[in-house]
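K.L.:
return atomic coordinates for the entry below.
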Amino acid sequence: MDNTRVKKLVRLIEAHGYQAVAVNPSPSLIYLSGLHLHLMERPSILIVTRDGDVAMILPKLEEGKVSDDSPITAVFTYEDNPATWSATFRRAGQALGLQTGKIGVEPTTMRFLELSYLREALPDMEIVDGSRAFSQLRIRKDTDEIEKMKQAAVIAQNALGQTLKIVRVGMTEKEIANELVIQLLRSGSDPQLPFEPIVAIGENSANPHAVPTDRPLSQGDVLLIDWGANFEGYLSDITRTFILGDVDPELLTIAIIVHEANLAGQRTGQPGLAAGVVDQAARSVITAAGYGEAFTHRTGHGLGMESHEVPYIYGENTLVLEKGMTFTVEPGIYLPGKGGVRIEDDVVVTDTGLESLTDMPRQVLPLDDFFVSN
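P.N.:
Next comes the predicted model:
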């Protein structure tokens, strides 16, 4: 595989004064090496030095996953006896010439297991938060990455369309969520979904991160669904809200407000502006309508190989938007005991503004519009 990504990381290592960075099994590991490893009781770690050396420490049984076209230049393996693992880490450190200086790590993915072996093998090196480098590594997507995200959105939208055809009064949140997972896989999603779908009915939709329960769907309910798909390692993350029958008039009011806030956020973002401006634009619509305190979270978050990554779209964020950055725009209003509405789209920064990767109708629609007669 092309080692352009490794070269980019080496430039970031130099720019931030590290001697090396260490990467756990994670999206960053896949991005840099193409290696798909899962976290288990055996340690695995990729080390990239400022000289451009790329070494992988992993169990012997995983060695075959390192392909011939991998940018990895050295592989250090160990057997099943844990007593031998420390020596492998020391051998890797010596081969890479790591003695003093800083090693940057991703604080959200580095485990205590790998951290302990690194500290033991490299006692004179300082292991530090490498966020400054890692936050810049994947933040701008290239054309191929964006196309994969578009396909992930298509898959997700198709899956929800198929699911809504069978939703009926009496179905529970769990049943709808389970059906949606099946339809995501049938529509072409990779098996590892971005997250477990959120399906929230009625009063449960007032919880932004609700977990599906046995709450059944009834006439007069709001149905909020937050879901996504995975296509070749790139994700979508979408939320749509629906109504069934005659709902509380206030819920219809906030549905219109949230729709307007979503559009305001999407219209406002463009390269050269601070990320926080998108939040401010969406939030101002909701605040002006008198529901500012009911919008309880940021307007969005970065999206790509992870469902939550940089950039984060909150009002105080001064990070300047650049072409290729991808994130969500997802304003919401939540009324405890009554219900909530959220409308979430995935967008990419272009030369002139924000392009939505999602195109399913945004306005809150009656569920009856999707029903198929038996």
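
K.L.:
residues contacting the closest residue to M325 other than its chain neighbours?
P.N.:
Closest residue in space to M325, ignoring its immediate chain neighbours: V349 at 4.6 Å, by C-beta to C-beta, 6 or more residues apart in numbering. All C-beta spots, glycine's among them, are computed from the backbone N, C-alpha and C. Taking C-beta atoms under 8 Å, 6 or more residues apart in numbering, we find V349 in contact with G269, Q270, P271, L321, E322, K323, G324, M325, T326.

K.L.:
among these, name the buried ones.
P.N.:
G269, Q270, P271, L321, G324, M325, T326 (16 or more other C-beta atoms under 10 Å).

K.L.:
that older thread, give me the beta-bridge partners of the residue nearest to M325?
P.N.:
With DSSP bridges as the criterion, V349 is bridged to L354.

K.L.:
what number of residues lie near E250?
P.N.:
Using other C-beta atoms under 10 Å, the number of residues around E250 comes to 13.

K.L.:
and what of L32?
P.N.:
25.

K.L.:
can you check the one 3 residues further on too?
P.N.:
Burial of L35, expressed as a neighbour count using other C-beta under 10 Å, amounts to 19.

K.L.:
which parts of the stretch 1-150 of the chain are helices?
P.N.:
4-15, 27-33, 85-95, 112-121, 131-137, 143-164 (DSSP state H, counting those that start in this stretch).

K.L.:
dump the contacts of V349 to JSON lines, plus distance to A15.
P.N.:
Below are the contacts of V349 laid out as JSON lines (distance: C-beta to C-beta, whole Å):
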{"residue": "G269", "distance to A15": "27"}
{"residue": "Q270", "distance to A15": "27"}
{"residue": "P271", "distance to A15": "22"}
{"residue": "L321", "distance to A15": "21"}
{"residue": "E322", "distance to A15": "17"}
{"residue": "K323", "distance to A15": "21"}
{"residue": "G324", "distance to A15": "19"}
{"residue": "M325", "distance to A15": "19"}
{"residue": "T326", "distance to A15": "23"}
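
K.L.:
run a quick neighbour tally on H36.
P.N.:
11.

K.L.:
also H38?
P.N.:
Count around H38 with other C-beta under 10 Å applied: 8.

K.L.:
pretty sure it is touching L29, no?
P.N.:
No: judged on C-beta atoms under 8 Å, H38 makes no contact with L29 at a distance of 10.5 Å.

K.L.:
which stretches of the stretch 1-150 of the chain have low pLDDT?
P.N.:
By pLDDT under 70, the low-scoring segments of the stretch 1-150 of the chain are 1-2.

K.L.:
before we move on, back to that, how about the contacts of V349, which pair is most distant?
P.N.:
For these, the maximum inter-member distance is 14.3 Å, found between Q270 and T326 (C-beta to C-beta).

K.L.:
how much space between S307 and N262?
P.N.:
Using C-beta to C-beta, to the nearest Å, S307 is found at 19 Å from N262.

K.L.:
now M110
P.N.:
35 Å.

K.L.:
neighbour-wise, which of the two wins?
P.N.:
For M110 versus N262, the count of surrounding residues by other C-beta under 10 Å is larger for N262: 25 against 20.

K.L.:
check contacts around the more buried one.
P.N.:
By C-beta under 8 Å, 6+ apart, the neighbours of N262 are A282, V329, E330, P331, I343, E344, D345, R362.

K.L.:
from the residues you listed, which is closest to K148?
P.N.:
Nearest to K148 among the contacts of N262, with distances taken as C-beta to C-beta, is D345, at 17.1 Å.

K.L.:
my read is the closest one is in a strand, agree?
P.N.:
Yes: judged by DSSP: H, G, I helix; E, B strand; the rest coil, D345 forms part of a strand.

K.L.:
next, the closest residue to it other than its chain neighbours: phi, psi?
P.N.:
Counting by C-beta to C-beta, 6+ apart, D345 lies nearest to T358, which is 4.6 Å off, once chain neighbours are set aside. Note on T358: its backbone torsions stand at phi -120, psi 140 [degrees, to the nearest 10].

K.L.:
and what of V211?
P.N.:
Dihedral angles (degrees, to the nearest 10) for V211: phi -110, psi 130.

K.L.:
check it and give its pLDDT.
P.N.:
What the model reports for V211 is a pLDDT of 98.

K.L.:
show me the contacts for it.
P.N.:
Under the contact definition (C-beta under 8 Å, 6+ apart), the residues listed for V211 are I198.

K.L.:
ok, and for stretch 291-307, which residues are buried?
P.N.:
Residues of stretch 291-307 classed as buried by neighbour count (16+ other C-beta under 10 Å): 291, 294-295, 298-307.
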